[in-house]
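Student: Sequence first, then the predicted structure, then my questions.
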Amino acid sequence: MSKKKGLSLEEKRTRMMEIFFDSKDVFQLKDIEKIAPKSKGISPMTVKDVLQSLVDDNMVDCERVGTSNYYWAFPSKAVHARKHKLEELQKQASEAKQRKESLQKAVEKAKIGRQDTKERSSMLKELQALREERTQLQAELEKYRECDPEVVEEMRKSNVVAKEAVSRWTESTIEDTISFTLTMFLPSNPGQKRSLHSMTDV
């Protein structure tokens, strides 16, 4: 035979409220400790805690007279207390929902930024390599400025090819990526914006 399942806290609270509603009387703790186990099946060890939880939720009134505490509750007050508690919980649920939606939007926005980071880094490196190649060609062209005209013409052509390659990267891909990066990652750092802009001035 299976062991009988004990009452949940909410079941104990409901049964204890029935004591007050049915009798419409005022009780001391010792009275409740006698009545609750016998008529409502509430464990004697939990009576005080259950009663205090009802007092904390304003469902049961408590007043100290002399050296004793007296407890009472009326249906109208209990209904009002439950309504107030329900409204409070609904408000908390609404606020929690708004916070959740806000966090989800922030997470989605952050994901977009992270997805673009590798591509942005790769393009910046390639742009830098093209700039260095062009600088090297310009230096060699300067070195041979007064040399054989055929050599000079060959270097000029190489320089033009490098310049066109850099321009294509800058105009078709890099500029859009840098512009996106400036907006998403560096909205409040003018120094870093100028640094990235200077890398596109090829």
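Tutor: It's in.
Student: all strands for the chain, in order.
Tutor: Along the chain, counting by DSSP state E, strands occupy 27-28, 61-65, 68-72.
Student: So for R82, which of those strands sits nearest?
Tutor: Proximity to R82 (C-beta to C-beta) singles out strand 61-65 among these, at 14.9 Å. Any C-beta I mention is one placed from the backbone N, CA and C, and that applies to glycine too.
Student: All the helices of this protein, residue numbers only.
Tutor: All helices of the chain, identified by DSSP state H, fall at 9-23, 29-40, 47-56, 75-143, 149-169, 175-185, 190-199.
Student: What helices and strands are in contact with the second one?
Tutor: Contact analysis of helix 29-40 by 3 or more C-beta pairs under 8 Å, 6 or more residues apart in numbering; DSSP states H and E lists helix 9-23, helix 47-56, strand 68-72 as its packing neighbours.
Student: will you turn the ones you listed into CSV that also has mean pLDDT?
Tutor: Output for the helices and strands packed on helix 29-40, formatted as CSV (pLDDT from 0 to 100):
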stretch, mean pLDDT
helix 9-23, 91
helix 47-56, 94
strand 68-72, 94
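Student: Let's have these in CSV, adding mean neighbour count and distance to A96.
Tutor: Below are the helices and strands packed on helix 29-40 laid out as CSV (neighbours: other C-beta atoms under 10 Å; distance: least, C-beta to C-beta, whole Å):
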stretch, mean neighbour count, distance to A96
helix 9-23, 16, 22
helix 47-56, 17, 22
strand 68-72, 15, 34
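Student: ok, now which ones touch M16?
Tutor: I32, A36, K40, I42, V47, V50, L51, L54 (C-beta atoms under 8 Å, 6 or more residues apart in numbering).
Student: what residue ranges in this structure score low on pLDDT?
Tutor: Low-confidence segments of the chain, defined by pLDDT under 70: 1-4, 78, 107, 110-124, 138-202.
Student: Specify the residue ranges that define each domain of it.
Tutor: 9-73, 107-199 (automatic domain parsing).
Student: any idea how far the residue lying closest to G41 once chain neighbours are set aside is from R15?
Tutor: With sequence-adjacent residues excluded and distances taken as C-beta to C-beta, 6 or more residues apart in numbering, G41 is closest to L7, at 6.6 Å. L7 sits at a distance of 7 Å from R15 (criterion: C-beta to C-beta, to the nearest Å).
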